[in-house]
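Colleague: Structure for the following, please:
(one chain, ligands or ions: 2)
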Amino acid sequence: MPATIREFEAVARDRLDPAHYDYFAGGAGDEVTVRANEAAFARLALLPRVLRGAGSPEIGVTLLGSRAEMPVLVAPTAFHRLADPEGEKATARAVAAAGTIMIVSMAATVAVEDVAAAAPGATLWFQLYVQPDMAFTEAIVRRAEAAGCAALVVTVDSPARGRRDREVRRGFDDLPEGMRCENLRDDGGESVRPIVMSPAISWEHVDALRRMTRLPLVLKGVTHPADARLALEHGVSAVYVSNHGGRQLDTVPATVDLLPDIVAAVRGAVPVLVDGGIRRGTDVVKALALGASAVAVGRPVVWGLAADGECGVARVLGLLRDEVEHALTLCGLASSHDLEPGLVRRC
Ligand SMILES: Cc1cc2nc3c(=O)[nH]c(=O)nc-3n(C[C@H](O)[C@H](O)[C@H](O)COP(=O)(O)O)c2cc1C
Ligand SMILES: O=C(O)C(=O)c1ccccc1
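Modeller: Ligands and ions are numbered 1, 2, ... in the order given. As a prediction, the model looks like this:
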């Protein structure tokens with residue numbers, strides 16, 4: 001039984017087709033940003049307080065009206081059926097058991113309606129790449145609403161798909177026979193449209209989405225403080241700091257290093273989420289101390305899924321939960337809401 005997320009990755013690597021492992025693990029260009037995300041957490045030190053009599057820590061959080069029993073969400077990742085035959089259904093069941101939130105990828109290999117039906121207790125948010133055909137975008141948004149998704153996470157770091165040399169080397173450019181992006185089915189019919197990543201997408205599309213739906217909008221992939229301020233002007237409900245796990249533009253800084261400036265720009269107006277390189281409870285604690293309301297994990301969930309399906313994802317989420325509680329206890333804190341920047345030192 002793997003005892004750490006790193007060990008889950010090793011088990012997953014053994015079990016996965018090497019091309020699929022490289023698809024999940026890889027990043028853009030020289031993978032500078034992939035490495036930076038994890039390395040940046042290691043460069044931050046924690047400075048605990050003593051004798052606070054804090055008791056066992058409380059770690060739940062409410063985000064945009066959705067309750068999460070831990071401040072760790074499941075980031076949207078594509079193609080879960082490459083990792084397990086049950087795919088996103090297995091992930092959603094583990095998420096329901098952990099009481100957290102799954103952001104279902106638009107590129108899921110199980111339709112969002114079927115994910116929801118497989119895990120009735122799960123809180124689902126839906127991740128969207130705005131498609132230039134806005135009528136098709138609207139059809140997808142309506143499906144997500146009807147399936148019970150409680151927020152719309154709009155990914156804005158992908159005006160083009162990242163170039164990932166590992167995919168090129170492996171010749172990985174399509175799903176195997178029998179797997180499709182089920183959320184891209186045209187009107188429930190036989191044909192599945194390709195996902196378009198368009199450089200023409202702009203703030204006007206965000207405004208159009210705002211008019212289209214009453215769901216709270218989360219902007220995923222913000223790295224520049226000026227864009228965080230614009231996001232507020234355009235009425236978004238949360239800002240999600242992400243460099244797509246280093247899979248889009250290589251050499252973007254580590255997300256935890258970008259976080260303080262984004263938090264300063266947002267000034268408490270909306271929650272700030274962050275992902276990238278979170279592998280330990282101490283990483284979660286550092287991100288929350290620097291002002292994130294919650295974090296999300298991408299690859300760790302995929303490693304759990306590939307290692308042992310629903311049980312593997314449950315174990316990965318359980319590990320993170322235990323590690324967060326333990327780290328908070330050792331910091332002398334009664335609640336994750338008491339985390340503040342003074343706990344973190346750059347070393
Ligand atoms: C295999 C894989 C697929 C991904 N697919 C999507 C996706 O469909 N939509 C999206 O917005 N982000 C996607 N991402 C990015 C994740 O949501 C997240 O930003 C990233 O994985 C966080 O970094 P981490 O893997 O170090 O936790 C994907 C990431 C990976 C690793
Ligand atoms: O691989 C990814 O990171 C990703 O975001 C994606 C998007 C569309 C289809 C497949 C994957």
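
Colleague: Please make it C-alpha for all contacts and neighbour counts, starting now.
Modeller: Fine.

Colleague: right, and Phe24 touches Val301 too?
Modeller: No: Phe24 lies out of contact with Val301 (C-alpha atoms under 8 Å); the separation is 10.7 Å.

Colleague: Show me where this structure has its strands.
Modeller: Counting by DSSP state E, the chain has these strands, from start to end: 44-46, 61-63, 66-68, 72-74, 101-104, 123-128, 152-155, 217-222, 238-241, 272-275, 294-297, 344-346.

Colleague: buried ones in the second one?
Modeller: Judged by neighbour count using 16 or more other C-alpha atoms under 10 Å, the buried positions of strand 61-63 are Val61, Leu63.

Colleague: burial measure for Ala3, as a count.
Modeller: Per other C-alpha atoms under 10 Å, the neighbour tally for Ala3 reads 10.

Colleague: between Phe24 and Val301, which one's more packed in?
Modeller: Val301 (30 against 24).

Colleague: related to what we said a few turns ago, pick the most deeply packed of the strands of the chain.
Modeller: strand 272-275 (a mean of 28; mean count of other C-alpha atoms under 10 Å).

Colleague: Quick one: list the elements packing against it.
Modeller: strand 238-241, helix 255-266, strand 294-297 (3 or more C-alpha pairs under 8 Å, 6 or more residues apart in numbering; DSSP states H and E).

Colleague: and that strand, does that touch ligand 2?
Modeller: No: against ligand 2, strand 272-275 shows no contacts by C-alpha under 6 Å from any ligand atom, the least distance being 13.0 Å.

Colleague: sorry, back to before: let me have the strands of the chain in a markdown table, adding distance to ligand 1 as columns.
Modeller: Shown next, in a markdown table, are the strands of the chain (distance: least, C-alpha to the nearest ligand atom, whole Å):
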| stretch | distance to ligand 1 |
| --- | --- |
| strand 44-46 | 17 |
| strand 61-63 | 17 |
| strand 66-68 | 18 |
| strand 72-74 | 8 |
| strand 101-104 | 8 |
| strand 123-128 | 6 |
| strand 152-155 | 5 |
| strand 217-222 | 7 |
| strand 238-241 | 9 |
| strand 272-275 | 5 |
| strand 294-297 | 4 |
| strand 344-346 | 20 |
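
Colleague: TSV for these, including mean pLDDT?
Modeller: What follows is the strands of the chain, written out as TSV (pLDDT from 0 to 100):
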stretch	mean pLDDT
strand 44-46	98
strand 61-63	98
strand 66-68	98
strand 72-74	99
strand 101-104	99
strand 123-128	99
strand 152-155	99
strand 217-222	99
strand 238-241	99
strand 272-275	99
strand 294-297	99
strand 344-346	95
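
Colleague: and the closest residue in space to His20 that isn't next to it in sequence, how many neighbours?
Modeller: Distances taken as C-alpha to C-alpha, 6 or more residues apart in numbering place Leu82 nearest to His20, at 7.0 Å, with adjacent residues excluded. Residues lying near Leu82 (other C-alpha under 10 Å) number 21.

Colleague: and the stretch 51-200 of the chain, which residues reach ligand 1?
Modeller: Counting by C-alpha under 6 Å from any ligand atom, the stretch 51-200 of the chain sits next to ligand 1 at Ala75, Pro76, Thr77, Ala78, Ser105, Met106, Ala107, Thr155.

Colleague: and the fifth one, how far is that from Phe79?
Modeller: The span separating Ser105 from Phe79 equals 9 Å under the rule C-alpha to C-alpha, to the nearest Å.

Colleague: Can you name the residue of the stretch 101-250 of the chain nearest ligand 2?
Modeller: Distances between the stretch 101-250 of the chain and ligand 2 by C-alpha to the nearest ligand atom are smallest at Ala107, namely 5.0 Å.

Colleague: thought that residue was touching Gly87?
Modeller: No: contact criterion C-alpha under 8 Å: Ala107 and Gly87 do not qualify, at 11.9 Å.

Colleague: Now list whatever residues contact both of the two.
Modeller: Counting by C-alpha atoms under 8 Å, 6 or more residues apart in numbering, the shared contacts of Ala107 and Gly87 are Phe79.
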